[in-house]
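Engineer: Below are the sequence and a predicted model; questions follow.
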Amino acid sequence: MMLPPDFLGWLTFIMKHLGPLIILLVGCLCVFALQRVSDLRSTPLFCIVRVLMIIDIVNIVVGKIHDIPDEVMGKEIFDPISVTVVLIVQCIRWFAQLLALPLLSSLHFLSLYRPVRFRKLRLIHGYSIVAFFLSMSVLLTVPLLTECCGFTYYVDGAFWAFDFGKPGTALYTQLNLVLQVTIKLIL
C-alpha cells in the first residue's frame, strides 16, 4: 500500500480529496435547494445551472471513485474501459461547461436588456438549451474514441493526453482551441 508515511503526507492526501468532496456536498445542497423553491424550479436559467451542477457532481464522484483507490494502492487498479469512462465524463463536463457559458451569458444579457422577452421563456426552453449543449458536448467527445483521433495513456491509465500519432488529433486540438477562443471573444 502506498499510504503517506508522515503527518504532512496524510494532511496533503486528506486535503486533496476533502476539497472536491466539500464542493460535492455544496453542489448537492444547491441542487436540493433549487428543487425545493418552486419559483426557481420553473425558470430556464436555473434549469441550466442545475444540470451543470449535476454534471459537476457526477464528474467529482466518478473521479474520486477512480482516484482514491488508485492512490491508496499505489497503482492503477481499474481496467482500461473504466478509465476511459472517467475520461469521457471529464470531456463531456469540459465541453458542456464550455458551451453553456455563452448560453448563460446570453440569457443574462436578455434578462437585463429585454426583461419582458426573458420572462416569456419557459422551462421547455431551458430543457431545449440543455439538450443542445449536452448533445454538442457528446458529439465533441466522440472523436476521442475513434481511430483517426484520440488519446493515449502515459502512466498506465493514470495520465492521459492527446495522441498526436493519430492523423486527426491535430485537427481536433485546433478545433478545441478555436472553440475556446471563440467563446472567450463572445464573452
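Structural biologist: Okay, I see it.
Engineer: Please pull up the helix or strand immediately following the longest helix along the chain.
Structural biologist: Using DSSP state H, we find that the single longest helix of the chain is helix 80-113. Later in the chain than helix 80-113, the nearest helix or strand by DSSP states H and E is helix 115-119.
Engineer: Show the average pLDDT along that following helix.
Structural biologist: When pLDDT is averaged over helix 115-119, the result is 88.
Engineer: now swap in stretch 54-62 and tell me
Structural biologist: 87.
Engineer: The longest helix of the chain - contacts with which helices or strands?
Structural biologist: helix 44-73, helix 115-119, helix 123-141, strand 151-153, helix 169-186 (3 or more CB pairs under 8 Å, 6 or more residues apart in numbering; DSSP states H and E). Using the backbone N, CA and C atoms, a C-beta is placed for each residue, glycine as well.
Engineer: chain center to the longest one: distance?
Structural biologist: Yep, that's helix 44-73 we're talking about. 7 Å (CA atoms, centre = their mean, to the nearest Å).
Engineer: Does anything pack onto that helix? Which helices or strands?
Structural biologist: helix 7-36, helix 80-113, helix 123-141.
Engineer: Which pLDDT does the model give the closest residue to residue 123 other than its chain neighbours?
Structural biologist: Excluding its sequence neighbours, the residue lying closest to residue 123 (CB to CB, 6 or more residues apart in numbering) is residue 42, at 5.5 Å. Note on residue 42: pLDDT of 77.
Engineer: what's the closest of the helices and strands packed on helix 44-73 to residue 62?
Structural biologist: helix 80-113 (4.9 Å; CB to CB).
Engineer: Return the set of buried residues in that closest one.
Structural biologist: Residues of helix 80-113 classed as buried by neighbour count (16 or more other CB atoms under 10 Å): 83-84, 86-89, 91-102, 104, 107, 110.
Engineer: In contact with the closest residue to residue 176 other than its chain neighbours: list those residues for me.
Structural biologist: Computed as CB to CB, 6+ apart, the closest residue to residue 176 that is not its neighbour in sequence is residue 140, at 7.9 Å. Residues in contact with residue 140, defined by CB atoms under 8 Å, 6 or more residues apart in numbering, are 91, 95, 175, 176, 179.
Engineer: Repeat that for residue 148.
Structural biologist: Contacts of residue 148 by CB under 8 Å, 6+ apart are 166, 167, 168.
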